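In: got a sequence here, can you build the structure:
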Amino acid sequence: MSALRMFLVQTKMNFVWYFQRDGELIFWTLAMPVFFLVLFSFAFSSGPNSGSSGFLVPGIIGAQVLSSGFWGVGVMLATFREKHLLRRVYLTPMPPWVFFASLVAYRMTLLAAQAVILIAVGGLVFHVHVIGRPWEILAVLLLGTATFVSLGTIVGALARTTESANNIASVLTVPLAFLSDAYIPIDRFPHAVSSALRLLPSTQFIDTFRDVSIYGAPLSHYGAWLGMLALWTIAGTVISARTFRWL
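Out: Numbers count the residues shown, from 1 in each chain. You can find the predicted model right below:
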């Protein structure tokens, strides 16, 4: 079987496992970001205001990227190991890179569905317009997803059980989402605090994604942050490769 065929089959199996584990989960995965968009838009503006919603749409998409890495991949790998599914994958002739590439493709597909729904609701209800260049938006999303999938793989590599992986993912995802310019502008924090928060890879990703997609900023203005995200991706991949256990 060719590598491409293995990749397609494994990606399909990821979705099969996702739906079989809890069919209702797909509804909440797609519905909850919309709920947060509506809730925070009205909470921050007391009505449909494109200013707050324009801030929130890319922020919530960015928060979903974080969740996809730590919860979607990290917890999934820990669950696979606990159920001895990783052992079955390990015994097949499929190269490891194909397995992990299928995880990225699986999460990117779900993220694409979430992003389309959020942008549609943001545009129809709150008059949010995406004016950035499509290829630049896609490039930022791909790099951000690669960054947090690589970091999430570390969680899946180190966690011994699904419960511990869930706990680690919660500790990482929730604070990062609320301290990385996703829901609440970090400019409201004291200058020293906001400056420190801008050093987080999550803040650099979310701010870059927002400025490029909503405000139409050129991607070339964020070369330093993109370089930092690439370094995080490389570091996460190296650490994952050294610590990952199939059995």
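
In: residue 236 touches residue 157, doesn't it?
Out: No: Residue 236 lies out of contact with residue 157 (Cβ atoms under 8 Å); the separation is 10.1 Å. Using the backbone N, CA and C atoms, a C-beta is placed for each residue, glycine as well.

In: sec struct for the residue positioned nearest the centre of the chain, please.
Out: By Cα atoms, centre = their mean, the mean C-alpha position of the chain lies nearest to residue 65, the distance being 1.3 Å. Following DSSP: H, G, I helix; E, B strand; the rest coil, residue 65 is assigned to helix.

In: what ranges do the strands span in the chain?
Out: For the chain, strands defined by DSSP state E do not occur.

In: poorly predicted segments of it, please.
Out: The model of the chain has pLDDT under 70 over residues 1, 18-25, 45-51.

In: ok, and for the helix of greatest length in the chain, which residues are buried?
Out: Assignment by DSSP state H gives helix 96-126 as the longest helix of the chain. Using 16 or more other Cβ atoms under 10 Å as the test for burial, helix 96-126 gives 98-104, 106-108, 110-111, 114-115, 118-119, 121-122, 126.

In: how close does the nearest residue to residue 87 once chain neighbours are set aside get to residue 35?
Out: Leaving aside its sequence neighbours, residue 87 sits nearest to residue 247 (Cβ to Cβ, 6 or more residues apart in numbering; 5.4 Å). Note on residue 247: its distance to residue 35, by Cβ to Cβ, to the nearest Å, is 39 Å.

In: before we move on, what about residue 139?
Out: Distance from residue 139 to residue 35, by Cβ to Cβ: 29 Å.

In: neighbour count winner among these two?
Out: More neighbours surround residue 139 than the other of residue 139 and residue 35, with 15 against 11 (other Cβ atoms under 10 Å).

In: surely that one touches residue 220?
Out: No: the criterion here is Cβ under 8 Å, and residue 139 misses it with residue 220 at 11.3 Å.

In: show me where this structure has its helices.
Out: Counting by DSSP H, the helices of the chain are 3-21, 23-45, 50-67, 76-82, 85-90, 96-126, 134-158, 162-178, 191-197, 201-213, 223-243.

In: next, the angle helix 23-45 makes with the longest one.
Out: The reference is to helix 96-126. Relative orientation of helix 96-126 and helix 23-45, computed by axes from the mean of the first three to the mean of the last three Cα atoms, to 10 degrees: 50 degrees.

In: give me the distance between the spatially closest residue to residue 246 that is not a sequence neighbour and residue 236.
Out: Distances taken as Cβ to Cβ, 6+ apart put residue 90 closest to residue 246, at 4.0 Å, once the chain neighbours are dropped. Residue 90 sits 21 Å away from residue 236 when distances are taken as Cβ to Cβ.

In: the two: which is more packed in?
Out: Between residue 90 and residue 236, counting by other Cβ under 10 Å, residue 236 is the more crowded of the two (21 against 13).

In: how much space separates the closest residue to that one other than its chain neighbours from residue 195?
Out: Ranked by Cβ to Cβ, 6+ apart and with sequence neighbours excluded, the top spatial neighbour of residue 236 is residue 150, at 3.1 Å. From residue 150 across to residue 195, the span is 26 Å (Cβ to Cβ).

In: check residue 246 too.
Out: Distance from residue 246 to residue 195, by Cβ to Cβ: 41 Å.

In: check residue 31 too.
Out: On the measure of Cβ to Cβ, residue 31 and residue 195 end up 36 Å apart.

In: over to residue 228?
Out: 15 Å.

In: so those two - more neighbours on which side?
Out: For residue 228 and residue 195, the more surrounded residue by other Cβ under 10 Å is residue 228, and the numbers stand at 17 against 11.
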